[in-house]
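Peer 1: Let's see this in three dimensions:
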Amino acid sequence: MLVSTALLSFIVLGLTAMFIQTQKIFKTGIKQTTITDAGRAIMDMIASDLSQMANDQFTNQYGGNSGNFIFPNLYWSWVPQYDLVQSNLNNNGVPVFRTNQVEDIFAMVQTNNTWLGIGYSVSNWFPGVGTLYRYATNTTAPLSATNLSLFSDFNNALQYGTFTNFHRIADGVVHLKIYAFEADGNEMYSEWLADSGRSYPTNFQYPLIATNPPNSLIIQTNYLPHSIDIELGILEPEAFEHARVLYTSGATNAAAAFLANAAGQVEIFRQHIIIPAAP
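Peer 2: Just a heads-up that it's a prediction; the model follows:
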């Protein structure tokens, strides 16, 4: 009887351990599916907006003098203080560092006789993690000197914190970045310099007018990129909540250390978009 009881206890313990592990895997799968579905939905929304970019220079827009266009067709601005460097990845025992970057993005979209200004920005919860917001406003075409608020309202909101026409999209965003390419597949030169560490501009836009090219590598670009790549990084909800609790409790260093080692808890999404309106 003692032997039978011991064997039964051993079997029960084994089944319990298997049940706990199965339950853990099941919950992990649900969590991964949830964040994957959310990430895909957000990417589809951003891609849908940016793929409809139009060239407002073809309208009678008031553009100022010397090619200083007030309305960019596409604008993005790197926010260096939102960079999050993570390092718990490794390649055969060698640490691999990844820098998550956050950019503010704005694009002009035309729908029939209406021009829309659509933007995306991440509001910083704590260093490296924030909430993604979508900005949207519109005006009746044609554009003129009296209705130039589409981009300026977006830009002023980012500078002065007057957030109107912004709608909350997702929490836990650690990475939001676009890459712009010309028809021959080359990346926008200024951003390539920034990404390679050779130069540190923070603002990029189309149209890019190079009135006095310093060398043959910088040329006047199209008014719209031929295509763009979008990257989005979202921290898993459990990791985001853990970091948020640490930060709000005052343990800012612990929150930063946790995020720096949470690279395996970040889902990265990337999508390539062709711009139909590009020349």
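Peer 1: Bridging across strands, which residues link to residue 100?
Peer 2: When assigned by DSSP bridges, residue 100 has beta-bridge partners residue 84.
Peer 1: could you dump the helix or strand hosting residue 256 to CSV, C-alpha only?
Peer 2: In this structure, residue 256 sits in helix 252-260 according to DSSP states H and E. Output in CSV follows, covering the C-alpha atoms of helix 252-260 (Å, rounded to 0.1, in the frame of the first residue of the first chain):
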residue,chain,number,x,y,z
THR,A,252,13.0,54.5,-12.1
ASN,A,253,16.4,52.8,-12.3
ALA,A,254,14.9,49.4,-11.9
ALA,A,255,12.3,50.2,-14.6
ALA,A,256,15.1,51.2,-17.0
ALA,A,257,17.1,48.1,-16.2
PHE,A,258,14.1,45.9,-16.7
LEU,A,259,13.3,47.5,-20.1
ALA,A,260,16.9,47.2,-21.2
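Peer 1: which residues sit against that helix?
Peer 2: Outside helix 252-260, the residues that touch it by Cβ atoms under 8 Å, 6 or more residues apart in numbering are 84-88, 126-129, 174, 235, 239, 242-244, 246-247. Backbone N, C-alpha and C define where each C-beta goes, glycine included.
Peer 1: Let me know the next secondary structure element after it.
Peer 2: Next helix or strand after helix 252-260 toward the C-terminus (DSSP H and E): strand 266-274.
Peer 1: can you pull the buried residues of that next one?
Peer 2: Within strand 266-274, the residues scored as buried using 16 or more other Cβ atoms under 10 Å are 266, 267, 269, 271, 273.
Peer 1: just checking, what packs against that strand?
Peer 2: helix 2-50, strand 166-181, strand 227-235 (3 or more Cβ pairs under 8 Å, 6 or more residues apart in numbering; DSSP states H and E).
Peer 1: tell me the average confidence for it?
Peer 2: The average of the pLDDT scores along strand 266-274 is 93.
Peer 1: Mind listing the strands it pairs with, and their directions?
Peer 2: Note on strand 266-274: by DSSP bridges, its sheet partners are strand 227-235 (antiparallel).
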